[in-house]
Structures are given as C-alpha cells and as structure tokens.
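# whatever this is, show me its structure:
(chains A and B)
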Amino acid sequence: MKYDVIIIGGGPAGLAAACAASEKGAKKIVIIERDKELGGILNQCIHNGFGLHYFKEELTGPEYAGRFVEMLRKTDVEVKLDTMVLEVGQDKVVHCISTREGYQALEGRSIVLSMGCRERTRGAIAIPGDRPAGIFTAGAAQRYVNMEGWMCGKRVVILGSGDIGLIMARRMTLEGAKVLACVELCPYSNGLNRNIVQCLNDYNIPLYLSHTITDIQGKERVEKVVVSKVDENRAPIPGSEIVFDCDTVLLSVGLIPENELTRSAGIAMDRRTNGAIVFENMETSVPGVFGCGNVVHVHDLVDFVTAESMRAGAAAAQYAVGQEAGGPVLEVKTGNCVTYTVPQHIRRENVEKTVEVFFRVDNVYRDMVIQVKDGENLLCQFKREHMAPGEMEKIVIPRVHLDKVQGENITITVEKQ
Amino acid sequence: MTNLICIVCPKGCHLAVDEEKDFEVTGFGCARGVDYGKKELTNPTRVITSTVKIQGGIHKRLPVKTDRDIPKGMISQAMALLDTVELTSPVKVGEVVVPDICGTGAAWVASRDM
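Presented below is the predicted three-dimensional model:
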C-alpha cells in the first residue's frame, strides 16, 4: 500500500500534522496509533489551560484533542488504531502490526514521526531503598485516576516538580488523598509558575526545593519515604533527613522522547534533546522523514506542539508531491546559558520571511538579552525579563538577518543586559 | 502590596496588587492579568475539573469541568456533588452533568464525547 504521508502517532502532534498535510493537498494520508483512540496523552490531561494560543480559549486536554479529531473527520485521512509500528525502514517503508489487520508494510512518499515521550522511571534516576508497590510515574497515576477509574494512593509524596507532578498533586488532593510533599532536587521548580500557584499553594502542599528522596521503605506497599536536603552539588546532606509516613510515591522527573524507531531508521540524533536533528521545516537527516512534537524536544505547551507539527505536516505534503527542500545549511550553535536549539539546522533558501527557533536555558536568569550572532557580528537580539529551564524560549529570526550571515553557522547566546 | 503570579495563562506574569490603591495591578502582560489580580485578592475563583462514572463508554470515567470559575471556598462542595453521578454513554461534550453547583449558577459539564 502506497501513501503520500504516513504519520506515526495520533497524539496532538500527529493530529496537527495530518490536518496540515491534508490542507496542503496531500491525497493519501494515514495516521498509525497504538492506543484504541486518537488524542494521545491529552485524553488523560483532564485539567484546563490548553489552547490559549491556538484556539484563543481555555480548554481541557480532552476538549483540545476533540477539536482536532473533529477537524480530521472532515478530511480523507485514514486512521489505523490499535496498531503498533515495529520499524521504519530507510526506504520509507513502515512495518506495523495489529490484531485486526495483521502485519503490514506501508510505503510512504514522506513520513512524519510524532511518537511523543514516555516518562523517566525510578530505575532511570536510581532511587535507593526497598521495592514495594505504590511507586508510580505521575502520568501512569494520571491515567489510572482519570481514565480507568482507579484511585492509587491515600498519603502521597511527589518527587519532581514537573508539570505532570504538580497537576497530579492537585488531582489526588481533590480525590481525597493527602499529598504530604512535593520534593524537587533543583533549587527552582521545573514546572510552570502557574501550576505551583494553582496546584500546590491553593491546597497548601509544601514544595521542598533542593531536596530529594534518599530512601523508600516498605515490605508489600510503600510505608515510609526519607527525604534529604541536597548541597550545591546535589549530594544529600547527612542529618537533614525528613521522614514521611506515606503509601504512595509519584515520580515527575522528566520525559524521554520515544525515539526507538528514529534511531533504527538511521536518523541523526541530537544528544541534548534526545530527539532527531531537524531543519527549519522539521525534516530530519533522512530526506522526506519529518519529526514534530515531544519526540523532537519536550514542550511545555500543546499549542506549540500544534504549531510545530503543522509545519512538519505541510512540509511532508510538499515533499510527497516532489517539492524537496534543499540549499546550503546553516548550523545553529548554542552559546552561553543555552542547552539546545530546535531547529539545529536552517536552510536559508527554505525560509520565507522568518524562522522560529526554540530553546531552553540552563538556569534561572533575570534581565537577560538573547543574541543571535554570526561569529562576532550581532544579527539581532531579544530582551527577556525572566528566563527559566522550565520555560521554553522562542525567538523569531527574520530571513533578512540570515541572508547577511557570512559563515556556515549562527550562535544563539544569552547575555546579561 | 501583594505579589502574585498570574495563573490565567502559562506565561505566569509576576503581578503586584496594591490594596491601598483600590487593588491597582502592575506587572501584567495583558488585560486578563488585571482582572485576575483584583479578583484573586477580593473573590478568588477557579475552574475545577474532575471525572464521573460512565457505563458503556470507551473508558470507565468521563472527564467533566465547571463551565465557569467558581469561588475557591466551594471547591470541596462542588467535588462532592460528583460522587453519586453515574452516566450512560453516549454523552456529548458540553452536556450538563450537574446543574447549578451550590447555587452559583455554574454547572458541571462533560469535557469530551464518550
């Protein structure tokens, strides 16, 4: 079976890519989704705050997903549910299986990778202690509580101040649990400020910054958790232990882009994002294969996933009708304070008026200026009052500045104002 | 003077509200921040989301939300109203699940089709 565009993953990224590809005129499009419905993680994010940028109103996760599913229904996009992709070949053949259709090899003119993320687990951060029941990643607990109808704890300690952890602190409280503490290794929160306010402060849940879990005790079920203060090198300080009597630990300690398919397809990866290296139109190092959403880099806001994925979907549709992007490549280098950028590569000829560059900083800063430089030459700059690792930054660079670049790279750097 | 973080959107503007100047708000990025700052110190409200039991749907729980913000102090009473609700599929997004929450005029509504 031959398709113009094959989209792997039917979450917010895949949905937006499909809508955009269809609008750009791609005829035969398919979304392959491993769950039993479209929408991905949005279906379990029942809280509100989605869509302020894209829909200009405040929606819950299921409502946001529902809007896109509705848009998709008006197109001819085919959807394969309960279908798992095993491999993406270098020849752009997608190998997948489902109980309904068995094994299939689908050939795509272009492919969009939109598989999203999975959560870091206890194993990934090596928490010492016993291994009883009652230790969940925050997202798994969210699915149990919000979709499957299982309450998963009564007295809860949350490790990590990522947004999912904060949202679950409120959710567990509303469902009758006692959330004893939210414990964060860094001296600052990794979640959005608004979530500290409306999820922790509203319910008097204490946030312990510069603390971590140093022991979990319990035979069958979690019984006690030991929390210690950490020094500036993030090493636990002996004597600072606080013991919490609890039955549940939720982990909100980061997301890992789910890139097994990307790697096995031989696509060049970025060690900083754990995602594919992409060009300005979200194309990867393999021509005709695009990436978008959390599988490329972890976003804070679904609205930005949507915008990025629409660019990927549109570019995939263009590639499918033979409009390949090309031309000389500018590498985007990271300067002071900048941990990564997306895109990592820009092809000037393929930039219409502006190019958006996303990145994160490595610490909390005040009164900074973001500079885009060609060697020592300043191309443009953007002021910021407040920057934090938990808040993705976006700058819009006009093409006229890129046209002035003499060398083969530009540098994004953050300096004191 | 009270310092607040605006929760209207993910930007999280740092607001300062002056109680002595009729709750004058500074530090906002948009007009909604002005409303929020004033309201947060006079009558704080929140939109609440939760789930209810549903039979015959793709999942066992249907997500619901209050169709407008309700006073912060009423959150637990509003939550208690959902304990006994049991719906049967199909339900459409926006359908009223519990009308008039504790006399506020706000309703619990379904936040997806199921």
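
# can you list the domains in chain B?
B:2-42, B:49-110 (automatic domain parsing).

# now the phi/psi pair for whichever residue of the stretch 151-300 of chain A sits closest to chain B, please.
Nearest residue of the stretch 151-300 of chain A to chain B (CB to the nearest CB) works out as A:Asn193 at 3.5 Å. Yep, even glycine has a C-beta here, placed from its N, CA and C like the rest. Main-chain dihedrals, A:Asn193, degrees, to the nearest 10: phi -50, psi -40.

# what about it, distance to A:Phe382?
20 Å (CB to CB, to the nearest Å).

# how about A:Glu220?
Distance, A:Glu220 to A:Phe382, using CB to CB: 54 Å.

# ok, now B:Ala107?
In terms of CB to CB, B:Ala107 sits 43 Å off from A:Phe382.

# A:Ala177 touches A:Val156, doesn't it?
Yes - in terms of CB atoms under 8 Å, A:Ala177 counts as a neighbour of A:Val156; the distance is 5.3 Å.

# between these two, what contacts are shared?
Residues touching both A:Ala177 and A:Val156 (CB atoms under 8 Å, 6 or more residues apart in numbering or on different chains) are A:Thr248.

# tell me the SS of the spatially closest residue to A:Tyr54 that is not a sequence neighbour?
Leaving aside its chain neighbours, A:Tyr54 sits nearest to A:Asp303 (4.6 Å; criterion: CB to CB, 6 or more residues apart in numbering or on different chains). Using DSSP: H, G, I helix; E, B strand; the rest coil, the structure places A:Asp303 in helix.

# can you get me a residue count around A:Asp303?
18 (other CB atoms under 10 Å in any protein chain shown).

# check A:Asp76 too.
10.

# right, and the helix or strand after whatever helix or strand A:Ile6 lives in?
Taking DSSP states H and E as the criterion, A:Ile6 maps to strand A:2-8. Counting by DSSP H and E, the next helix or strand C-terminal to strand A:2-8 is helix A:12-23.

# packing partners of that following helix?
strand A:2-8, strand A:29-32, helix A:61-73, strand A:102-113, helix A:302-320 (3 or more CB pairs under 8 Å, 6 or more residues apart in numbering or on different chains; DSSP states H and E).

# how about the contacts made by the closest residue to A:Gly288 other than its chain neighbours?
Excluding its sequence neighbours, the residue lying closest to A:Gly288 (CB to CB, 6+ apart) is A:Ser110, at 4.4 Å. Listed by CB under 8 Å, 6+ apart, the contact set of A:Ser110 reads A:Asp4, A:Val5, A:Ile6, A:Lys92, A:Gly288, A:Val289, A:Phe290, A:Ala316, A:Ala317, A:Tyr319, A:Ala320.

# just to revisit the earlier point, was I right about the residue nearest to A:Tyr54 contacting A:Lys56?
No - using CB under 8 Å, A:Asp303 is not in contact with A:Lys56, being 10.1 Å away.

# who has more neighbours out of A:Glu220 and A:Phe382?
Using other CB under 10 Å as the criterion, A:Glu220 and A:Phe382 rank with A:Phe382 on top: 16 against 9.

# touching, that one and A:Val369? I think so.
Yes - using CB under 8 Å, A:Phe382 makes contact with A:Val369 at a distance of 7.0 Å.

# gap between B:Glu19 and chain A?
19 Å (CB to the nearest CB, to the nearest Å).

# strands along chain B, start to end?
Here chain B has its strands, by DSSP state E, at B:2-5, B:14-18, B:24-26, B:45-46, B:49-55, B:61-66, B:70-71, B:86-88, B:96-98, B:108-110.

# for B:Pro71, list each beta-bridge partner.
Taking DSSP bridges as the rule, B:Pro71 bridges to B:Thr45.

# middle-most residue in chain B, spatially?
B:Val47 (0.4 Å; CA atoms, centre = their mean).

# what's near enough to touch that residue?
Taking CB under 8 Å, 6+ apart as the test, what B:Val47 contacts is A:Asn48, A:Glu58, B:Lys65, B:Thr66, B:Arg68, B:Asp69, B:Ile70.

# can you check A:Ser285 too?
Per CB under 8 Å, 6+ apart, neighbours of A:Ser285: A:Ile267, A:Ala268, A:Ala276, A:Ile277.

# equivalent analysis for A:Pro398, please.
A:Lys353, A:Thr354, A:Cys380.

# nearest to B:Met79, of these?
A:Thr354 (46.0 Å; CB to CB).

# so who does the closest one touch?
A:Val396, A:Ile397, A:Pro398, A:Arg399.

# would TSV of those with pLDDT and distance to B:Lys60 be doable?
As requested, those are exported to TSV (pLDDT from 0 to 100; distance: CB to CB, whole Å):
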residue	pLDDT	distance to B:Lys60
A:Val396	96	44
A:Ile397	96	48
A:Pro398	95	51
A:Arg399	94	52
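
# no more questions from me, cheers.
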